[in-house]
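Trainee: starting from these lines, generate the structure:
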Amino acid sequence: MRVTKFTDYALRVLIYLACKPNGELTTISQLAEAYSISVHHVRVVVHKLGQAGYINSTQGKGGGVELALRPDEILIGEVIRSTEKDFFIVECFNPQGKCTIVKACRLKHILGDALNAFIDTLDQYTLADITDNRHEIVQQIRVA
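Mentor: Numbers count the residues shown, from 1 in each chain. Next up is the predicted model:
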């Protein structure tokens, strides 16, 4: 299973925000600079994370974004489910797929089991789990 760049960026934004002191806002520009991602991409990711309830944003001068939940309340599997459009890892997962052996093929069920195991594993971890080495992360991305 491979996640999209969008999901990768979403996880990076959450990691950055989890490394900030509570109540301290971060700008879109700070996030973009920290990860060398375009401001446009970060803005789209932040919007999606806000819609999903993971971050709060404050508009205007002195505004920015912050986590809406504690890091231990954010399951990595849930984040991935909220940011991935689909999990069509092979054509037969797509209802509009054109595979001619889909009715007889057993691969779909095996891959489905593997996908479920992947997501189940990610649901065992929170944002707090992946940022418990905050001091190392801060050194790598120079959290502003």
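Trainee: just give the nearest non-adjacent residue to Glu91, would you?
Mentor: Gly97 (4.0 Å; CB to CB, 6 or more residues apart in numbering). In this view, the C-beta of every residue, glycine as well, is placed from N, C-alpha and C.
Trainee: distance of the one you found from Arg81?
Mentor: Using CB to CB, to the nearest Å, Gly97 is found at 21 Å from Arg81.
Trainee: more crowded one of the two?
Mentor: Arg81 (15 against 12; other CB atoms under 10 Å).
Trainee: for the spatially closest residue to the more buried one that is not a sequence neighbour, give me the pLDDT.
Mentor: Leaving out its chain neighbours, the residue that sits closest to Arg81 by CB to CB, 6+ apart is Ile119, at 7.0 Å. Per-residue pLDDT puts Ile119 at 92.
Trainee: give the contact list for Ile119.
Mentor: Taking CB atoms under 8 Å, 6 or more residues apart in numbering as the criterion, Ile119 is in contact with 77, 80-81.
Trainee: can you say which helix or strand has it in it?
Mentor: helix 107-122 (DSSP states H and E).
Trainee: so after that helix, what's the next helix or strand?
Mentor: Using DSSP H and E, the next helix or strand after helix 107-122 towards the C-terminus is helix 127-130.
Trainee: what's around Leu127, how many residues?
Mentor: 23.
Trainee: swap in the one 4 residues further on?
Mentor: Neighbours of Thr131 under the rule other CB under 10 Å: 19.
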